[in-house]
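Student: Output the structure for:
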Amino acid sequence: MPTRRAHLTPSTSDGSLAASLAALRVSLSIPDSFPADVLAEAQAATDAPPDVDLRDIPFATLDPAGSKDLDQAFQLERNGSGWRVRYAIADVPGFVAPDGAVDAEARRRGQTLYGADGSVPLHPVSLSEDKASLLPGVDRPAFVWTFDLDASGVSTSHRVERALVRSRVQLDYPSTQAALDAGSDSPAALLPEIGRVRVEQEKLRGGASLNLPDEEIVRDSSGGYRIERRRPLPIEDWNAQLSLLTGMAAASLMLDAKVGILRTMPAPSADAESAFRVRTVALGLPWPDGQRYGDYLRGLDREDPQTLAVLQAAASLFRGAGYLAFDGELPGETTQAAVAAPYAHVTAPLRRLVDRWGLVVCAAVSSGSDVPSWARDSLGSVPALMRESSDRSSRLSSGSLNRVEAALLRDRVGQRLTAVVLEVFEGKARVQLTDPVVTASCRVGAAVAAGTEITVTLLSADIATGSVEFSAP
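Tutor: Next up, the predicted model:
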């Protein structure tokens, strides 16, 4: 799918959008800075040197262009008929003193938040973009995971240890994808092979991924905003498989030790699957009996306009994600349904609070040592902290998007615009405009069906609230 861009019109430079975005942050009690004691503690923080030295391993990072908060670095090599994967994760726990000022502030924030007018980091940038970040050419402590994969991509062994590492190069997705497509040498040269066999393993497990096009608010050099909708590059999906591999290994370690915190999602109910099956028939892309929903979703043609409507409908199958802490007794339900396996978050500690606990638990279990008391004693509080921050993140993201969309549309009130119907429920449709890239709701007649193209009329667009109103046939 080509990237679609919609730029704000000059009339939005009157400050109304900036004021609305600022008011949104205030309404969500989002901090605009770190307290002085947090900044001072972060600036002075040091990490004890690890006993293991892996600086001879040529690690590389792979992130969106321009990233500075680098959580992960990898090194890939052949190992007989399979592969060895080393995956280094930033040692944030080593820089954050338990019950200190940085720890307390991180627990209040929960995760890095992303709004149209900038991000709100989980940690001060002296940590997240400097001393804890796996920047190239500098020594960094890290949690290094080592996996041996067989020829089919099955993990035959895994372990994690604290080690000193040095990343050699910072890669980004577009240029690395281009290098791989051209057959050029790259530290990521084996990533397509490993990514593909791990995708096959996901299929065998019954895992599923919606792979909806990304909808991103982008701020350009002139200070304006635009919305981009794009499909992730193949290398992004392959790289994600390394994180999934690590998350499943982490869950395995914690379950074996009967202590840890999992990322869970219940399997779709029979009623939800039945309702989704009916909707696929109505959309003209019926889900065959006997086929797993993951296989069905992967087999859809992403260039077919009706596919987007099906994927939107499939979102009803992927609900209820949360975190589950346990200590001494295994939980009754351990599976993350979309992954189709037990899973834990341990690969983004610079940007997500829960990963700090997962990493120290896994490192202790892997080495046969005791889980640090600070982590064990506070484990039960983490799910609620993450639930609160996830709600705040969702509200900031949707509120920002709504306000930018309203700004994009303000000068087009009264115009007729082309849209694709994503879903229809009780006389109300969710539609996606083709230009500009905006998703909205409107009342429709009984004859309108999901997956079809219609013309809508823009009745109003309020930047202050982010609300837009359309009419349709």
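Student: where does the stretch 201-350 of the chain have low pLDDT?
Tutor: 210-215, 220-223, 229, 305 (pLDDT under 70).
Student: Where do the strands of it begin and end?
Tutor: Secondary structure of the stretch 201-350 of the chain (DSSP state E, counting those that start in this stretch): strands located at 214-219, 225-230, 259-264, 322-327, 335-336, 341-342.
Student: Which strands or helices does the third one pack on?
Tutor: By that I understand strand 259-264. The contact analysis (3 or more C-beta pairs under 8 Å, 6 or more residues apart in numbering; DSSP states H and E) places strand 259-264 against helix 234-257, strand 322-327, strand 335-336, helix 354-367. (Each C-beta comes from the backbone N, C-alpha and C, glycine too.)
Student: between that strand and helix 354-367, how big is the angle?
Tutor: On the basis of axes from the mean of the first three to the mean of the last three C-alpha atoms, to 10 degrees, strand 259-264 is oriented at 130 degrees to helix 354-367.
Student: Just say which of the helices and strands packed on strand 259-264 is most tucked in.
Tutor: Among the helices and strands packed on strand 259-264, ranked by average contacts under mean count of other C-beta atoms under 10 Å, first place goes to helix 354-367 (a mean of 24).
Student: now that helix, how far from the centre of its chain.
Tutor: Computed by C-alpha atoms, centre = their mean, to the nearest Å, the chain-centroid distance of helix 354-367 equals 21 Å.
Student: what does that helix rub up against?
Tutor: 89, 91-93, 96, 106, 143, 159-162, 250, 253-254, 256-257, 259-261, 263, 323, 344-349, 370-372, 375, 378-379, 382, 385-386 (C-beta atoms under 8 Å, 6 or more residues apart in numbering).
Student: hmm, 6 Å instead?
Tutor: Here helix 354-367 makes contact (C-beta atoms under 6 Å, 6 or more residues apart in numbering) with 92-93, 143, 159-160, 250, 253-254, 257, 260-261, 344-346, 348-349, 371-372, 375, 382, 386.
Student: nearest to A313, of the helices and strands packed on strand 259-264?
Tutor: Among those, the nearest to A313 by C-beta to C-beta is strand 335-336 (20.9 Å).
Student: Buried ones in stretch 181-191, by neighbour count?
Tutor: 186-188, 190-191 (16 or more other C-beta atoms under 10 Å).
Student: Which ones among those lie within strands?
Tutor: The strands, defined by DSSP state E, take in nothing from the buried residues of stretch 181-191.
Student: could these go into TSV alongside distance to G118 and pLDDT?
Tutor: Formatted as TSV, those follow (distance: C-beta to C-beta, whole Å; pLDDT from 0 to 100):
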residue	distance to G118	pLDDT
S186	32	97
P187	31	98
A188	29	98
L190	36	98
L191	31	98
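Student: and those residues as a markdown table, adding distance to I227?
Tutor: A markdown table is the format used below for these (distance: C-beta to C-beta, whole Å):
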| residue | distance to I227 |
| --- | --- |
| S186 | 31 |
| P187 | 33 |
| A188 | 29 |
| L190 | 35 |
| L191 | 29 |
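Student: looking at the helices and strands packed on strand 259-264, which is closest to G414?
Tutor: Of all these, the one in closest proximity to G414, counting by C-beta to C-beta, is helix 234-257 (39.6 Å).
Student: could you give the angle of the closest one to strand 259-264?
Tutor: Going by the same axes, to 10 degrees, helix 234-257 makes 140 degrees with strand 259-264.
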